[in-house]
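# Here's a sequence, model it:
(one chain, ligands or ions: 2)
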Amino acid sequence: MDELLPTQVTLQDPFWSPRAAVNATHAIFHQWEQLEASGCIANFRIAAGEAAGLREGWFFADSDAYKWLDAASRITVAQPTPRLAALMDDCIALLGRSQMADGYLFTYNQIHFPGTRWTNLQIEHELYCHGHLIEAGVSHFEATGRTDLLAVARRAADLLVADFAGAGPERTPGHEEIELALLRLYRATGYAPYLDLARHFLEQRGRTARFGLALLRQTRSSGRRRKFVEEQRTAYLAAHPQYNPSKLPPGNFAKRPRGAHLRWLASALTGKYFQQHAPIRQQTAPVGHSVRFGYLQTAVAMLHRASGDASLLPALAQAWERLVTRRMYVTGGLGAQPALEGFSRDYELDPEYAYAETCAALACIFWNWQMALITGEARYSDLLEWQLYNAAAVGIGLGGDTYLYNNPLACRGGVTRQAWYAVPCCPSNLSRTWADLGKYVYSVDGDDVYIHQWIGNRARLPLGVPVDVEIASGLPWSGEAAVRLAPERPAEFGLHLRVPSWSAGRASIRVNGQPVLLPAPPQPRDQTASGFDPRTAHWVTLRRRWAAGDLIELDFDLTVTARHAHPRVRGHTDKVALTRGPLVYCLESSDNPGLDLFTARIALESLRPEIAPDLLGGIVVLRGQTRAGQPVTAIPYALWGNRGASQMTVWVNS
Ligand code: FUB
Ligand code: ZN
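Numbering: from 1, shown residues only. Ligands and ions are numbered 1, 2, ... in the order given. I've put the predicted structure just below:
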């Protein structure tokens, strides 16, 4: 199946369009200011020899500038502004000046260790950074048709082809990203060595003999290098007492279970943390760092699409099934081990320990999209929708200039939205996704159209007879949606409409006023750990001769649902997660003064949806009472933390 180009879909959705607008008019500029203030951009000036000073941030800080360019590029498709264009152009020119003649660009080494490269590939993120540079080049090219950033990206990619083609498994990266970037570059350019190198990196993964020993060596080397950087820093500050270094903000509190450090160590030494424990066809469970895992799965799925290698699919499908049935939070959040920033054992889903990094949800969204395109199965787009509304959306504040990095499902204090982070990987990752939402709505397969998402938009579908289509959607607040078709002339094609899991068996569809008989939804045999099950989503297929003016109306059921965790998930007995349509709800202390959120027992039968036009930009809340008669209000989980420090819980006692 093929996806549409970003230019072929125009978002017009009462829920998502305002968010895309905040993204384009505010968030992206806020992020730029933070990148400047935190020294990330200055690092490139220093590398280019245009400025003196200290390099700031983690060794992977360059990636944040690239991801910003990636997001800004995608934004310019629908919302170009001269101000953004100017910032982008300056930044692109700066990258061109800081890149070495042979294509290498990694300010950590260029500034601190000139002449060294590819030294600690498991740890120091050189290939990860080059991957984000390449992605930025591709996004910029796709958005603008320009080749200046693409040329920078290709110089880097060509260097990698020269340096890594045929290299052994120990020369694969510790943080996946380069693989999917090379696959995107291959799609954009058709240049086969990029595909070959992506395949090579993926196929070599998990084959390093005595990985733990190699890792220990690199950890020691990397530690020595960091010490050297610290010494350089101390010396510089002593020699320049007037110098005012930028101060990175602290990270958010993440509650850690006992023994977390040991489990991290075991995961790292066995290679699981890096998904280096087994070759990709044997990786059938989500393990290790959850962002890394998501980028790897995305890349493997992309490789399957690019190469047609069917042997890659079984492990992808099994890993997805294991994720959904045993290792995913009800919000769609991934990662129950804060120390690892990654997955725990099956059914270990403590809400307070939930790390559920925003980027992990985004990585899973990218993966789901690839799986949807490969298999045409509704379940993948269903999880994508759930993660968009919950696990991803929670990462950005309503104003667009505050963010969450880890996303627990219960907070007794200590987690608040921040303007920036010492590791600011999530904000620009969100921004590039928010700018690109239209791409997840449709796919086309010959003369078949799939509508994956109920997001309002208009588009021109490239079928045999081109079709203008317009979708209106009331989600997430109301369940009505409508599709208006206008083929250039009457034409036969198949229209596949996703009935979301949360409305499966409780949806209705009319074509030009006539009801359609809907098939029974799939009935999975096993219960998921989280209580959310995207596997019940399904397609309704309408194949006929369509003409301009044809109207399909859909009604999705938004009854409040109390979801139960699998009995094997500890601490969830008698608890439920409240959901309505695609939204997970939570109790936040701001709405429930005087209520102990963690012990109150909710009278579920009392809960009613109620429009709250003045709350959090206008939302539907759930109002009811506790069994003791106290009033209770639940808000969408994605919106918690927008009113200062608070407590919050998704799982409530019933
Ligand atoms: O390490 C690079 C990125 O920063 C990871 O993907 C995130 O988890 C954060 O550690
Ligand atoms: Zn992140």
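
# Near residue 128, how many other residues are there?
The tally of other residues near residue 128 (other CB atoms under 10 Å) stands at 24. Glycine gets a C-beta too; all of them are placed from N, C-alpha and C.

# Contacts only, for it.
The contact partners of residue 128, by CB atoms under 8 Å, 6 or more residues apart in numbering, come to 60, 63, 173, 175-178.

# what do you get for residue 200?
Counting by CB under 8 Å, 6+ apart, residue 200 touches 164-167.

# Likewise for residue 61?
38-40, 43, 107-108.

# Now do the helix or strand harbouring residue 324: distance to the chain's middle.
Using DSSP states H and E, residue 324 sits within helix 313-326. Here helix 313-326 is found 18 Å from its chain centre; the criterion is CA atoms, centre = their mean, to the nearest Å.

# Show me what it packs onto, helices and strands only.
Counting by 3 or more CB pairs under 8 Å, 6 or more residues apart in numbering; DSSP states H and E, the packing neighbours recorded for helix 313-326 are helix 290-307, helix 358-375, helix 378-387.

# Turn the ones you listed into a markdown table, including distance to ligand 2, mean neighbour count and mean pLDDT.
Below are the helices and strands packed on helix 313-326 laid out as a markdown table (distance: least, CB to the ion, whole Å; neighbours: other CB atoms under 10 Å; pLDDT from 0 to 100):
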| stretch | distance to ligand 2 | mean neighbour count | mean pLDDT |
| --- | --- | --- | --- |
| helix 290-307 | 6 | 25 | 98 |
| helix 358-375 | 3 | 25 | 98 |
| helix 378-387 | 14 | 27 | 98 |
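
# will you turn those into CSV that also has distance to ligand 1?
Putting these into CSV (distance: least, CB to the nearest ligand atom, whole Å) gives the following:
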stretch, distance to ligand 1
helix 290-307, 4
helix 358-375, 5
helix 378-387, 16
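
# Quick check: the residue nearest the centre of the chain vs residue 432, distance?
The residue lying closest to the centre of the chain (CA atoms, centre = their mean) is residue 362, at 0.6 Å. Distance of residue 362 to residue 432, given as CB to CB, to the nearest Å: 9 Å.

# Ok, residue 205 next?
25 Å.

# What of residue 523?
Counting by CB to CB, the gap from residue 523 to residue 432 is 37 Å.

# again with residue 575
35 Å.

# Who has more neighbours out of those two?
residue 432 (24 against 20).

# quick one: that one and ligand 1, what's the gap?
Between residue 432 and ligand 1 the computed distance is 14 Å (CB to the nearest ligand atom, to the nearest Å).

# What parts of this protein come near ligand 2?
357, 359, 425-426 (CB under 5 Å from the ion).

# out of those residues, who has the most neighbours?
Busiest of those [other CB under 10 Å] is residue 357, holding 30 neighbours.

# Quote the end-to-end distance of stretch 32-41.
Taking CA to CA, to the nearest Å, stretch 32-41 runs 9 Å from one end to the other.

# Can you get me the centre-to-centre distance for it and its chain?
That offset, for stretch 32-41, works out to 22 Å (CA atoms, centre = their mean).

# Flag every buried residue along that stretch.
Judged by neighbour count (16 or more other CB atoms under 10 Å), stretch 32-41 contains these buried residues: 32, 34-35, 37-41.

# check whether it contacts ligand 1.
No: applying CB under 6 Å from any ligand atom, one finds stretch 32-41 separated from ligand 1 by no less than 13.2 Å.

# returning to what we had before: for the buried residues of stretch 32-41, work out which two are farthest apart.
Spanning the widest gap among these are 32 and 39, at 13.3 Å by CB to CB.

# The helix or strand harbouring residue 90 packs against which elements?
Element membership for residue 90, per DSSP H and E: helix 82-98. Helices and strands touching helix 82-98, by 3+ CB pairs under 8 Å, 6+ apart, are helix 28-37, helix 40-47, helix 62-78, helix 126-144, helix 148-164.

# Mind listing residues that contact that helix?
24, 28-29, 32, 41, 44-45, 47-48, 50, 65, 68-69, 72-73, 75-76, 105, 107, 110, 133, 140, 148-149, 151-152.

# Mark which of those residues are buried, thanks.
The neighbour-count test (16+ other CB under 10 Å) marks 24, 28-29, 32, 41, 44-45, 47-48, 65, 68-69, 72-73, 75-76, 105, 107, 110, 133, 140, 148-149, 152 as buried among the contacts of helix 82-98.

# residue boundaries of the strands in the stretch 351-500 of the chain?
All strands of the stretch 351-500 of the chain, identified by DSSP state E, counting those that start in this stretch, fall at 410-411, 442-445, 448-451, 457-461, 467-473, 480-487, 491-499.

# Each with direction, which strands does the third one pair with?
According to DSSP bridges, strand 448-451 has the following sheet partners: strand 442-445 (antiparallel), strand 491-499 (parallel).

# So what's the model's average confidence on that strand?
For strand 448-451, mean pLDDT rounds to 98.

# what do you get for stretch 429-443?
The average pLDDT for stretch 429-443 rounds to 97.

# First-to-last residue distance for it?
End-to-end span of stretch 429-443 (CA to CA): 23 Å.

# shouldn't residue 274 be in contact with residue 293?
No: Residue 274 is not in contact with residue 293 according to CB atoms under 8 Å; the separation is 9.5 Å.
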